[in-house]
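Q: What follows is a predicted structure for the sequence shown.
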Amino acid sequence: MTARIVITRRLPRAAMTLLGDAGRVWISPHDRPLTAGELREAVAGAEAIVTLLHDRVDAALLEAAGPQLRCVANVAVGYDNVDADAARERGVIVTNTPGVLTDATADLAIALLLAVTRRIGEGERLLRAGTPWSWDLSFMLGMGLAGKTLGVVGLGAIGQATARRARAFGMQIRYSGRRQAAPSVEAELGGARRLELDELLETADVVTLHCPLTAETHHLLDHRRLRRMRASAYLINTARGPIVDEAALVQALGAGEIAGAGLDVFEREPEVDRGLLELENVVLVPHLGSATTETRTAMAELAVRNALAVLAGEPPLTPVT
């Protein structure tokens, strides 16, 4: 009997083609996240589940799938939506999709950096509203990047790619993280130096987040740490929303404790804090970090290849557990 493979939401055609006749494939008929009840019903009897970041894969879902479940292939780099410990206890392999979205996410981080420091969102809203304006030397001044310091929180693949792009604008690189980067990486980034997080926040002109969401990084930037940032500094987040205490961020932005923020992710997606929507010094986009046709296709293909490898008794390409 062929394996039952559950796809929780529509995938690009190229990824679906890879499945071929590999098993009995069930694809959600809904173009939306499934409810917890719908997910539990859908995965019953599955040997492999291809999930998206909005699917909560917890012990209850793994139990609902049954003992034959062998793989959860998550279409994302982050896997904070998956209880990896619960999967490990059941002998279920969890995979993710690193690498293929590095450049796309780094591109968006720089796009947000430019948009907020040069007040692009504000300018477009002004024009679309038909607000009268006149060019002069003090009109809508922003911050130049040459000679400024980019503080990278998490110098992994995406953090490094973002830093390389920032170097093209003449920025200096500082970073924080659990480990010291290789000397060759620091040299490539113009002599990047590792700092403790608090010192990084105190010295950076722009702080960009590229760390995973874990118990340790939840609300990593809270009231106390946001107050360590310069009043002229900007925050960029393309990682995960809950890394930042959103209520504290609204307060800091509204009070002028930091200059602005560019956000691709939010604490309670898809909900966005009303306070953020009312602020002019924030650029907001709906989780577009990996949103290119090429990248999203590559992510889905990698997830499917991981599932197929496990079902064939082979090692997965990018295992988490």
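A: Looks like it arrived, so ask away.

Q: C-alpha from now on. contacts and neighbour counts both.
A: Fine.

Q: Quick check: phi and psi at Ile27.
A: phi -120, psi 130 (degrees, to the nearest 10).

Q: so it sits right up against Arg4, yeah?
A: No. Judged on CA atoms under 8 Å, Ile27 makes no contact with Arg4 at a distance of 10.9 Å.

Q: neighbour-wise, which of those two wins?
A: Arg4 (20 against 16; other CA atoms under 10 Å).

Q: Contact partners for Leu150?
A: Contacts for Leu150 (CA atoms under 8 Å, 6 or more residues apart in numbering) come out as Ala163, Ala166, Met171, Gln172, Ile173, Arg174, Ala204, Asp205, Val206, Val207, Thr208.

Q: same deal with Thr51?
A: Ile7, Thr8, Arg9, Val72, Ala73, Asn74, Val75.

Q: now do Asp198
A: Asp198 makes contacts with Arg225, Arg228, as judged by CA under 8 Å, 6+ apart.

Q: tell me which element it falls in.
A: helix 197-203 (DSSP states H and E).

Q: what comes up buried for that helix?
A: Under the neighbour-count criterion of 16 or more other CA atoms under 10 Å, helix 197-203 has Leu197, Glu199, Leu200, Leu201, Glu202, Thr203 buried.

Q: residue closest to the middle of the chain?
A: In the chain, the centroid-proximal residue (CA atoms, centre = their mean) is Ala239; its distance is 3.3 Å.

Q: where exactly do the helices run in the chain?
A: Secondary structure of the chain (DSSP state H): helices located at 13-19, 36-43, 59-65, 84-89, 102-117, 120-128, 157-167, 183-188, 197-203, 223-226, 246-254, 274-277, 293-311.

Q: Is Gln172 in contact with Glu188, as I believe?
A: No. Judged on CA under 8 Å, Gln172 makes no contact with Glu188 at a distance of 11.6 Å.

Q: coming back round to it: neighbour count, distance to Leu145 and pLDDT for the contacts of Thr51 - can I get that in JSON lines?
A: Listed next are the contacts of Thr51 as JSON lines, based on neighbours: other CA atoms under 10 Å; distance: CA to CA, whole Å; pLDDT from 0 to 100:
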{"residue": "Ile7", "neighbour count": "21", "distance to Leu145": "43", "pLDDT": "98"}
{"residue": "Thr8", "neighbour count": "25", "distance to Leu145": "42", "pLDDT": "98"}
{"residue": "Arg9", "neighbour count": "18", "distance to Leu145": "40", "pLDDT": "97"}
{"residue": "Val72", "neighbour count": "30", "distance to Leu145": "42", "pLDDT": "98"}
{"residue": "Ala73", "neighbour count": "32", "distance to Leu145": "39", "pLDDT": "98"}
{"residue": "Asn74", "neighbour count": "29", "distance to Leu145": "36", "pLDDT": "98"}
{"residue": "Val75", "neighbour count": "24", "distance to Leu145": "34", "pLDDT": "98"}
